[in-house]
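**Student:** What follows is a predicted protein model with its sequence.
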Amino acid sequence: MADYKITFARPALRELENFEAHVVRRIFPKIESLARQPRPPGCRKLVGEENLWRVRVGDYRVIYSINDAREVVDIIAVRHRGKAYD
């Protein structure tokens with residue numbers, strides 16, 4: 001199975017840019033791992049959403065969509081858990 005391509009929505013990139021470097025260093029390997037396994041153990045499909053998933057990275061949540069036909073994982077948001085679902 002080929003790796004999926006990771007893309008970022010513009011708001012997700014802005015969110016990452018605003019985090020401190022040590023937070024980004026912790027989150028980014030998890031995002032990269034989604035290319036190999038877009039539905040890793042511990043990921044959850046968001047209730048009420050057709051194609052949105054989330055994965056935990058400590059107190060942060062990575063919210064993303066998966067397009068299996070195009071083999072693309074699109075990172076929608078990266079937020080602290082308290083603001084992840086706003």
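**Tutor:** Arrived safely.

**Student:** what about the helices in the chain?
**Tutor:** All helices of the chain, identified by DSSP state H, fall at 10-18, 21-33.

**Student:** Make a markdown table out of the ones you listed and add mean neighbour count.
**Tutor:** Yep, even glycine has a C-beta here, placed from its N, CA and C like the rest. Converted to a markdown table, those look like this (neighbours: other C-beta atoms under 10 Å):
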| stretch | mean neighbour count |
| --- | --- |
| helix 10-18 | 13 |
| helix 21-33 | 13 |
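
**Student:** mind putting the ones you listed in TSV, distance to V47 included?
**Tutor:** TSV is the format used below for the helices of the chain (distance: least, C-beta to C-beta, whole Å):
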stretch	distance to V47
helix 10-18	21
helix 21-33	22
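
**Student:** Could I get those helices in a markdown table, plus columns for mean pLDDT and distance to V62?
**Tutor:** Output for these, formatted as a markdown table (pLDDT from 0 to 100; distance: least, C-beta to C-beta, whole Å):
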| stretch | mean pLDDT | distance to V62 |
| --- | --- | --- |
| helix 10-18 | 94 | 8 |
| helix 21-33 | 95 | 6 |
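
**Student:** Tell me what the residue nearest the centre of the chain is bridged to.
**Tutor:** Nearest to the geometric centre of the chain sits V62, at 3.4 Å (C-alpha atoms, centre = their mean). Beta-bridge partners of V62, counted by DSSP bridges, are V55, V78.

**Student:** neighbours around N51, how many?
**Tutor:** 12 (other C-beta atoms under 10 Å).

**Student:** ok, the residue lying closest to it once chain neighbours are set aside to D59 distance?
**Tutor:** Leaving aside its sequence neighbours, N51 sits nearest to S65 (C-beta to C-beta, 6 or more residues apart in numbering; 4.9 Å). Separation of S65 from D59 (C-beta to C-beta, to the nearest Å) stands at 22 Å.

**Student:** more crowded one of these two?
**Tutor:** S65 (18 against 12).
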